[in-house]
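Colleague: With the sequence up front, the predicted model follows.
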Amino acid sequence: MKKEYFLRVYELVEQIPEGRVTNYGAIADALALGSARMVGWALSQSHQIEPLLPAHRVVNRKGELSGRHHFDPPESMAEQLRAEGIPIEDNAVLNFASYFWSPLEAIAQD
DNA sequence: GAGGTGACGTCGT
DNA sequence: GACGACGCCACCT
């Protein structure tokens, strides 16, 4: 069961509220994965399984859209974030700290 | 069964 | 402050 650990990342990312963003490290910490790389890797896997996953709400520690290149139209990641009211500039989230959403909240509710 | 990969993060120089 | 190297661990070939 635990082998499908990426499903946990899946569930968590799925709970990211609209207009909010989070980073890989926060998810890794929330799930006690121990490595943010696992989150990025998990998202890359989940992307092909469930494209509906709001992976565009997950960025790196600097708020940069590091995974934009994995989207079909790479710029769609920023477009979707902007559509949710999140300002994007130079492929990075402005006021990232202000829009940051802690995945721990999702776990707390669960 | 062993090696390589990866949407990152932290520490050291 | 910017750049480089290492660690981290599940999944794939």
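Modeller: Sure thing, it's come through.
Colleague: tell me the contacts of residue A:101?
Modeller: Residue A:101 makes contact with A:16, A:17, A:20, A:21, A:22, A:57 under the criterion CB atoms under 8 Å, 6 or more residues apart in numbering. Glycine gets a C-beta too; all of them are placed from N, C-alpha and C.
Colleague: The closest residue to it other than its chain neighbours and residue A:37, how far apart?
Modeller: Take residue A:101 and drop its neighbours on the chain: the residue closest to it by CB to CB, 6 or more residues apart in numbering is residue A:20, 3.6 Å away. Distance of residue A:20 to residue A:37, given as CB to CB, to the nearest Å: 23 Å.
Colleague: Could you do residue A:94 as well?
Modeller: Counting by CB to CB, the gap from residue A:94 to residue A:37 is 26 Å.
Colleague: Point me to the residue sitting closest to the centre of chain A.
Modeller: Nearest to the geometric centre of chain A sits residue A:58, at 2.0 Å (CA atoms, centre = their mean).
Colleague: I'd say residue A:60 and residue A:23 touch.
Modeller: Yes - the pair residue A:60 and residue A:23 passes the contact test of CB atoms under 8 Å, sitting 5.9 Å apart.
Colleague: one step back: phi, psi of the residue nearest to the centre of chain A?
Modeller: Note on residue A:58: backbone dihedrals following degrees, to the nearest 10 are phi -110, psi 120.
Colleague: what's across from it in the sheet?
Modeller: residue A:22 (DSSP bridges).
Colleague: Show me what residue of chain A gets nearest to DNA strand B.
Modeller: Using CB to the nearest atom of the strand, the single residue of chain A nearest to DNA strand B is residue A:67, 1.4 Å away.
Colleague: Having no further points to raise, I will conclude here.
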